[in-house]
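S.K.: Whatever this is, show me its structure:
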Amino acid sequence: LMRIPLRAIAFALTTVIAASACTAEEVARYLDSTEAVRDVLSAQDLARLRDCESTDNYQAISPSGVYRGAYQFDQTTWDDVAGRFFPWLVGLDPVDVEPWWQDAMARALWSERGKQPWPICGHEV
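M.R.: The predicted structure follows:
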């Protein structure tokens with residue numbers, strides 16, 4: 001039982017540190033704030049969803065410009081979910097947010113609504 005949480009923490013730390021020059025405080029904030037949704041989707045599940053939604057592109061923008069980021073959030077949904085889970089992300093454009101926060105937002109949305117927001121790609125998970 002202890003292996004799964006430790007593995008998740010190790011993965012999160014590796015991801016955050018490798019992706020940017022984070023401070024210890026930023027790493028702690030990420031780990032603390034994502035604990036509730038960390039195990040909602042595995043890294044493999046996220047990769048399948050992300051690949052289907054955006055071909056693994058965290059800066060993807062739909063042709064209409066409405067859906068943005070790796071998981072193709074519209075701004076209303078992004079702000080709604082962020083308001084409940086990660087308030088500091090409210091009002092930010094998903095394409096401008098670090099990949100690990102986009103992953104956390106996808107996990108948070110999935111925790112509330114399952115595959116419903118992703119009617120095609122949700123079936124890949």
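
S.K.: okay, and for the protein, where does confidence drop off?
M.R.: Within the chain, the stretches with pLDDT under 70 are 1-21, 26-39.

S.K.: What residues does the spatially most central residue of the chain make contact with?
M.R.: Central residue of the chain (Cα atoms, centre = their mean): Asp103, 1.6 Å from the mean position. For Asp103, the contacting residues are 46, 50, 70, by Cβ atoms under 8 Å, 6 or more residues apart in numbering. The C-beta positions use only the backbone N, C-alpha and C, and glycine is treated the same way.

S.K.: How about Arg68?
M.R.: Arg68 makes contact with 60-62, 74-75, 78, 93-95, according to Cβ under 8 Å, 6+ apart.

S.K.: same question, Tyr58
M.R.: 69-70, 95, 99, 102.

S.K.: in this protein, which spans are helices?
M.R.: Here the chain has its helices, by DSSP state H, at 3-19, 24-34, 43-54, 75-85, 99-113.

S.K.: List the residues that contact the residue lying closest to Arg50 once chain neighbours are set aside.
M.R.: Nearest non-adjacent residue to Arg50, counting by Cβ to Cβ, 6 or more residues apart in numbering: Ala70, 4.6 Å away. The contact partners of Ala70, by Cβ under 8 Å, 6+ apart, come to 50, 53-54, 56-58, 60, 94, 99, 102-103, 106.

S.K.: What distance do you get for Ala70 to Asp51?
M.R.: 9 Å (Cβ to Cβ, to the nearest Å).
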